[in-house]
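Q: predicted model and sequence follow; I will ask about them next.
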Amino acid sequence: MGLFKADLYRSFAVGFALGAAALLATAGSWADTPKSGVIPAAEAAPIAIDQTR
């Protein structure tokens with residue numbers, strides 16, 4: 001009897017495969033937009049009038 005059973009390794013392999021497939025499926029949708037990238041360009045927030053007084 002070993003420390004870990006084969007079912008544990010099989011579960012990790014299945015989880016890794018499903019996660020990789022989900023990542024690849026969503027990566028395809030990122031390429032549809034122009035100037036696509038994992039991190040979008042930064043945008044400044046609009047100026048808000050101070051209403052604390």
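A: All right, it came through fine.
Q: below-threshold pLDDT in this protein: ranges please.
A: Along the chain, segments meeting pLDDT under 70 span 1-4, 28-38, 53.
Q: for Ser11, helix, strand, or coil?
A: Using DSSP: H, G, I helix; E, B strand; the rest coil, the structure places Ser11 in helix.
Q: for the protein, what spans make up the helices?
A: Listed in chain order, the helices of the chain (DSSP state H) span residues 6-30.
Q: now do the contacts for Ile39.
A: Residues near Ile39 by Cβ atoms under 8 Å, 6 or more residues apart in numbering: none. C-beta: built from backbone N, CA, C; applies to glycine.
Q: from Leu23, how far off is it?
A: From Ile39 across to Leu23, the span is 16 Å (Cβ to Cβ, to the nearest Å).
Q: what sits against Tyr9?
A: Per Cβ under 8 Å, 6+ apart, neighbours of Tyr9: none.
Q: distance check, it against Ile49.
A: Applying Cβ to Cβ to Tyr9 and Ile49 gives a distance of 60 Å.
Q: ok, Ala41 next?
A: 26 Å.
Q: residues near Pro46, how many?
A: 5 (other Cβ atoms under 10 Å).
Q: got it, and Phe12?
A: 11.
Q: look at Leu23 and say how many residues are nearby.
A: Counted with other Cβ under 10 Å, Leu23 comes out at 9.
Q: how near is it to Phe16?
A: 11 Å.
Q: now do Ala22
A: Following Cβ to Cβ, the distance that separates Ala22 from Phe16 is 11 Å.
Q: same question, Ala41
A: 32 Å.
Q: settle it for me: which of the two has more neighbours?
A: Phe16 (10 against 6).
Q: list the contacts of the more buried one.
A: Phe16 touches nothing, counting by Cβ under 8 Å, 6+ apart.
Q: and the gap between it and Leu8?
A: For Phe16, the distance to Leu8 - Cβ to Cβ - is 13 Å.
Q: then Thr52?
A: From Thr52 to Leu8 the distance is 57 Å (Cβ to Cβ).
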